[in-house]
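Asker: Prediction below, plus the sequence it came from.
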Amino acid sequence: FASNESMVVELAPGIDVYTYSSTTYSSVTSYLNSYEGKPFGSLVGTAYQRDEATGQILLGEDNMPLYTEETHNFGSVLPDFTGGFFNTFAYGNWRLSGMIEFQGGGQFFSRSKMLAVRTGQDPLTVET
């Protein structure tokens, strides 16, 4: 079991944000940034516009989601915790090994999930 409590203490003089990487798909760009005084690896990008009363995603006239004009910091990509378990069971000449790994927390960007939703292949697209 492990946990990583990181904090960006200082960036180079004159730098407010350090961008490690970015990716763009279907005109939506997300960034992996670091900011002074915040945990390592902030996932940043545009967010969906939502109805304040219901939280539902707002759609444009073309029935596509509307995005915020400003970027949104979704949080650190580092998991809150990670862990694992490995064991081997032996009986005579037979051995059976197994491993379980897990993590909890942290933000991530799934390009495959985004593509599945965009093409109607994800169960999310049939919810009412």
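Answerer: Alright, I've got the coordinates. Residues are numbered from 1 along each chain as shown.
Asker: number of nearby residues for residue 101?
Answerer: Using other CB atoms under 10 Å, residue 101 has 9 other residues around it. In this view, the C-beta of every residue, glycine as well, is placed from N, C-alpha and C.
Asker: Next: residue 44.
Answerer: If you count neighbours by other CB under 10 Å, residue 44 ends up with 20.
Asker: Average pLDDT for the helix or strand hosting it, rounded please.
Answerer: Using DSSP states H and E, residue 44 sits within strand 42-48. In this model, strand 42-48 carries a mean pLDDT of 89.
Asker: next one: stretch 4-17
Answerer: Mean predicted confidence for stretch 4-17 is 90.
Asker: mind listing the helices in this structure by residue range?
Answerer: For the chain, the helices defined by DSSP state H cover 111-118.
Asker: Would you map the strands across it?
Answerer: 17-25, 28-35, 42-48, 67-76, 81-91, 94-104 (DSSP state E).
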